[in-house]
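Trainee: Below are the sequence and a predicted model for it; my questions follow.
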Amino acid sequence: MSEGDVVPQCAVPEAYEVHTFQVPDAFLKKHPSRPHLYGMDHYKAMYAESINEPHKFWASRARELLSWDRDFETVHSGSLAAGDNAWFLEGRLNASFNCVDRHAIKNPDKPALLYEADDPNDGRTITYGELRQEVSKLAWVLKQMGVKKGDTVAVYMPMIPEAVIALLACSRIGAIHSVVFAGFSSDSLRDRIVDAKSRVIITTDEGKRGGKVIHTKKIVDEALKSCPNVSHCLVYKRTEAEVPWTEGRDYWWKEETRKWPSYYPPESMSSEDPLFLLYTSGSTGKPKGVMHSTAGYLLGAAMTGKYVFDIHDTDRFFCGGDVGWITGHTYVVYAPLLLGVATVVFEGTPAYPDFSRYWDVCERHKVTQFYVAPTALRLLKRAGDEHVKHQMEHLRVLGSVGEPIAAEVWKWYHDVVGQEDAHVVDTYWQTETGSNVITPLGGVTPTKPGSASLPFFGIDPAIIDPVTGVELKGNNVEGVLVFKQPWPSMTRTVWGAHDRYLDTYLNVYKGYYFTGDGAARDHEGYYWIRGRVDDVVNVSGHRLSTAEIESALIEHQAVGEAAVVGVNDELTGQAVNAFVSLKTGFEGSPALQKELVMQVRKSIGPFAAPKAVYCVDDLPKTRSGKIMRRVLRKILAGEEDQLGDTSTLSDPSVVDSILKSPALAKAIAHYSAFPATGVSLRQMVQFGQRSSTGTLFRASQFLSEELPIRLAHRVQELSELPDGLSEMPSIKRVQDWYAQSFEEIVELPKPVLSPSVRERLSQPTKGDRSRVLSETTHNPSVKPGQYAQDLRSRRPTNAKRYYSAAEEGESSEPWPPELADYNNRFSKTLQGIKRRHDGVVTTVAQGILEYKRKRQRMQIDHNIQSFLDRFYMSRIGIRMLIGQHIALTDQRAHNDPDYVGIICTKTNVRDLAQEAIENARFVCEDHYGLFDAPQVRLVCPPDLNFMYVPGHLSHMLFEILKNSLRAVVERHGAEKEEFPVTQVIVSEGREDITLKISDEGGGIPRSAIPLVWTYMYTTVDQTPSLDPDFNQSDFKAPMAGFGYGLPISRLYARYFGGDLKLISMEG
């Protein structure tokens, strides 16, 4: 479209913003013959036949693509309404024969499996003849172990050829394979074994992925402690590691298979006999064992392989999926092997040993079709185009799977990877559909970046109104995606729970198959997938049940209720975010949040771990008790003004977003006219171990005036930022948070006190006249004459502005209960504010990124840099006051002789520094896949104690060290085995300590400060030493993070020249 074109009002405005790509001319020129279809007219004619005459259409294709022991008589019976669909009745066939034997008979030396091991030097090729022998030998072993037709066999293996052999051996004897992704925890594996009633499991001693070891046998052993029905565990030696062994149950793969002949006759199966179970996420928390039948599934795999990917006899197919998911089942194993071509079995990761791994495989094997998830493409796009420079002229079709692909990533895939010669097919399907259902056809369909395009043969999609269930006819409509007709590869049931199958897929909108996804149909009939409308999160193309994650969270003793939602994430598509309300006696803390993340990792697996956990007082629920996750999604998306009707909530105040009224705005302006009062750590510890009710009340009164002043400054500053930064959604969201916190404090009802109590509170303690802070305490951030009113004239409330002890002693009367009640209410208010402000740093950083995208440049001006410096440092002050007061209020019940509130009077600096070093090195190893991160030498007296907040000091040191180690690795290269040693030197002054991250061979030397700036992407300066493309990129720094790493590491590099100086006493 030209700039002057007007985009009509429609459901898919982006359809007018992207270019429609025709099939590249080069696709046809380098084709070995021609595409299976002649063009769109051919597609339309075949599609019309598949919808109008489905029996005729599918009968013809089934006889063309599958080999039958006995021909079928009835093409289809049943309906979506009844949930009793069956295909190709009376027919008999075997999946293993169709995938292996018929090709081995014709050409036994033709490559079948191209194994790409985690180590690029350890691969091997297995021919169709060899594959039949290996499958047959394993089939004999399984029969010898007592596996019969209809039994289920669990498979928990990494991506090695033996995983494919295991699936085919099961199908050869009529057993049902149930593959569990080798990233699931022992608990998840156990649940799937028990539900499938598997008596045999196949695994490995260990696995390898990205240079790291996966302890598969150890995980299996843990799972089998609760699986008494499992009688045999067959173990393939992948790493030759010593593993625990249970005699009579555990058997080595090769020792058993060498005993048996190299041919086992395939079992003839009914068309509707189960082929496999694959567990997918369910909205009730319990994973669903999706069951696929033999003939219908095989036909769907073969049809989509042939037409979507334009597979021909000499092709070599590379799908980056894992057999633990449906993508690996259909497009690593069944589709390529059914069509008799070579398929790549890829064990590694796209970034190991470097970011060129995928492209090395494509070049070495002359790959013709490549199929991978957008998550991997986003990662590789960020890594840089230089990694893609390989000879990949054989690539004809580039596929995308698992989630919608962003237009800019699609364009990179097309232009850089495909060199504008390959055809990009963005496929939509699900575990339950068995194969692609909405997709372009390779070499045929014009494509639009971001759109899944048009329905596959036999798929009759509809967009329906989610409330009324009425179909929305025509184009330019948006709603819920459903299918109106059954198709052969659709799932038949949920294992052992057919009613659940009906309720999940077929009874939601009677007569339709419910996908659970929202979608839109544009002005040309192309489909655009909008994401989940049910309680499922799609992370890196993997569907995760929110209920399953919630169940894992609730297992923790502190959690009363949990709600999990998915939010958009630039790398993984969606990220898991969890809200938890805690049981009485528990309080939210970073330590607890970390525990909850680890709880999910242990219960389900690392890939399901929440990116963020929010501890809240209550969850938004309807009067019937249903949690309104829609509201939580809106809140996380910064759409508090679009919550819709909340009148059905049992307590609407739970989610009431603040609407700043004129009165509130006036109050904020009034408080912002006063400067903040400086408060030192020394003053904070004068409370001592056991503060009286009166002393805490005085402190509460001080904060009830001081905190609104500081919060008001932040609200005002956020509304007056330069260059339109204030208009960014994330900045507005933070401004609303501060305004809401301001309002909660100033509107907190104060107790009615008698004159005598007021008099007692106004008097100093006997013998302690030094309690009063000078009203002229200098605040270094305040310039002379900056404010219209001076300190002595401000009186926003009637409270005095002191931290001071109240009168105590044996002769003193007890303080009235109203004071203790107010102290508790005030502390609880501060706890809510603290939780609300947990995401301030990340959200402000996100606002800066929004600002950069709008301006289309990475550089920001110095005035915004100065704002960030002020904002982050003032936030630390606010958090310090709030955290200390909460801790002081609670300290009477949690006494520690070395602590006054959150301040440790004897913080051991060496211990904290050592802990920060270990954590930073762990993160560095995890991120870069290193066996040994750069070493860090600590120079610090062992008995150096310092009055500070241990958590703050530990976190700051961790962030600085993390970024320091990142700079070392990036500077010297992740492939190095040894790095220069980084030195941390701690020296003690009279009232301060100084920490130096040494530049002697490591760290962040002054000479490398431009490298630091490169990573500090929210405040980056353009300097001559930076890559010239940096300002035009959307680069995100690995390991940099949004937390303390931004302000502290920036200030560390910018102001201290490498030294972090902490002034404890009067800072």
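Mentor: Cool, got the structure.

Trainee: hang on, isn't His390 packed against Glu363?
Mentor: Yes. His390 lies in contact with Glu363 (C-beta atoms under 8 Å); the separation is 4.2 Å. For glycine as for every other residue, the C-beta is placed from the backbone atoms N, C-alpha and C.

Trainee: Glu420 sits in which helix or strand?
Mentor: For Glu420, there is no host helix or strand (DSSP states H and E).

Trainee: Isn't it up against Ala26?
Mentor: Yes. Contact criterion C-beta under 8 Å: Glu420 and Ala26 qualify, at 7.5 Å.

Trainee: what about those two, which has more around it?
Mentor: Ala26 (16 against 12; other C-beta atoms under 10 Å).

Trainee: On the three-state scheme, that one is what?
Mentor: Following DSSP: H, G, I helix; E, B strand; the rest coil, Ala26 is assigned to helix.

Trainee: again with Pro814
Mentor: coil.

Trainee: count of residues packed around it?
Mentor: Pro814: 10 surrounding residues under other C-beta under 10 Å.

Trainee: what residues are up against it?
Mentor: If a contact means C-beta atoms under 8 Å, 6 or more residues apart in numbering, then Pro814 has no contacts.

Trainee: And it, its phi and psi?
Mentor: phi -60, psi 150 (degrees, to the nearest 10).

Trainee: Just the pLDDT for it.
Mentor: Pro814 is assigned 82 on the pLDDT scale.

Trainee: Same check on Leu37?
Mentor: With respect to pLDDT, Leu37 has a value of 94.

Trainee: sec struct for it, please.
Mentor: Leu37 falls in the coil class when you classify it by three-state DSSP.

Trainee: so it touches Val308, yeah?
Mentor: No. Applying C-beta under 8 Å, one finds Leu37 not in contact with Val308, separated by 10.9 Å.

Trainee: Neighbour count for those two, which is higher?
Mentor: Each of Leu37 and Val308 has its neighbours counted (other C-beta under 10 Å); Val308 has more, 26 against 20.

Trainee: Listing request: residues of the stretch 751-900 of the chain with sub-threshold pLDDT.
Mentor: Filtered on pLDDT under 70, the stretch 751-900 of the chain yields the residue ranges 763-812, 857-862, 869, 891-895.

Trainee: Show me the strands in it, by range?
Mentor: Shown for the stretch 751-900 of the chain, the strands assigned by DSSP state E, counting those that start in this stretch span residues 899-900.

Trainee: Out of the helices and strands in this protein, which is least certain?
Mentor: In the chain, the helix or strand scored least confidently by mean pLDDT, DSSP states H and E is helix 1009-1015, which has a mean of 36.

Trainee: Now do the helix or strand harbouring Arg382, average pLDDT.
Mentor: Arg382 belongs to helix 374-383 when assigned by DSSP H and E. On average, the pLDDT along helix 374-383 is 85.

Trainee: which strands and helices sit next to it?
Mentor: Helix 374-383 sits against helix 407-412, with contacts defined as 3 or more C-beta pairs under 8 Å, 6 or more residues apart in numbering; DSSP states H and E.

Trainee: Buried residues in the helix it packs on, which are they?
Mentor: Within helix 407-412, the residues scored as buried using 16 or more other C-beta atoms under 10 Å are Ala407, Val409, Trp410, Lys411, Trp412.

Trainee: Over to stretch 514-523?
Mentor: Quick answer for stretch 514-523 (16+ other C-beta under 10 Å): Phe514, Thr515, Gly516, Asp517, Gly518, Ala519, Ala520, Arg521, Asp522.

Trainee: Put together TSV for those residues, with secondary structure, pLDDT and distance to Gln865 on each row.
Mentor: Shown next, in TSV, are those (DSSP: H, G, I helix; E, B strand; the rest coil; pLDDT from 0 to 100; distance: C-beta to C-beta, whole Å):
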residue	secondary structure	pLDDT	distance to Gln865
Phe514	strand	95	50
Thr515	strand	94	47
Gly516	strand	88	45
Asp517	strand	89	42
Gly518	strand	87	40
Ala519	strand	90	43
Ala520	strand	91	41
Arg521	strand	94	46
Asp522	coil	93	42
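
Trainee: and of those residues, the nearest to Val533?
Mentor: Distances from Val533 to these, taken as C-beta to C-beta, are shortest for Gly518 (4.9 Å).

Trainee: now the nearest residue to the closest one once chain neighbours are set aside, what's its secondary structure?
Mentor: Spatial nearest neighbour of Gly518, chain neighbours left out: Arg530 (3.7 Å); criterion: C-beta to C-beta, 6 or more residues apart in numbering. Put simply, Arg530 is strand when judged by three-state DSSP.

Trainee: what number of residues lie near Arg530?
Mentor: 17.

Trainee: Could you double-check that it sits in contact with Glu478?
Mentor: Yes. Arg530 lies in contact with Glu478 (C-beta under 8 Å); the separation is 7.2 Å.

Trainee: do you know how far Pro722 is from Leu881?
Mentor: Per C-beta to C-beta, to the nearest Å, Pro722 is found 28 Å from Leu881.

Trainee: ugh, wrong one, I meant Phe88
Mentor: Separation of Phe88 from Leu881 (C-beta to C-beta) stands at 72 Å.

Trainee: Compare these two and say which is more crowded by neighbours.
Mentor: Phe88 (29 against 20).

Trainee: Work out the sheet partners of whatever helix or strand that one lives in and label each with its direction, please.
Mentor: Using DSSP H and E, Phe88 sits within strand 86-89. Strand pairing for strand 86-89, using DSSP bridges, gives strand 74-77 (antiparallel).

Trainee: And the strand it pairs with, what's buried?
Mentor: Val75, His76.

Trainee: what do you get for stretch 874-891?
Mentor: Buried, per 16+ other C-beta under 10 Å, within stretch 874-891: 874-875, 878-889, 891.

Trainee: Pull the residues that contact it.
Mentor: The contact list for stretch 874-891, computed with C-beta under 8 Å, 6+ apart, reads 676, 679, 684, 687, 689-691, 696, 699-700, 703, 706-707, 710-711, 713-714, 781, 823-824, 826-827, 830-831, 833-834, 837, 840-841, 899-903, 949, 952, 1047.

Trainee: Send me that stretch as CSV with only the CA atoms.
Mentor: In CSV, the C-alpha atoms belonging to stretch 874-891 read as follows (Å, rounded to 0.1, in the frame of the first residue of the first chain):
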residue,chain,number,x,y,z
SER,A,874,14.7,7.6,44.3
ARG,A,875,12.9,4.3,44.0
ILE,A,876,15.6,2.6,46.1
GLY,A,877,15.0,5.2,48.8
ILE,A,878,11.3,4.6,48.7
ARG,A,879,11.7,0.8,48.8
MET,A,880,14.2,1.2,51.7
LEU,A,881,11.8,3.2,53.8
ILE,A,882,8.9,0.9,53.1
GLY,A,883,10.8,-2.3,53.6
GLN,A,884,12.4,-1.1,56.9
HIS,A,885,9.1,0.1,58.4
ILE,A,886,7.3,-3.2,57.5
ALA,A,887,10.2,-5.1,59.1
LEU,A,888,10.2,-2.9,62.2
THR,A,889,6.5,-3.5,62.7
ASP,A,890,7.0,-7.3,62.5
GLN,A,891,10.3,-7.5,64.4
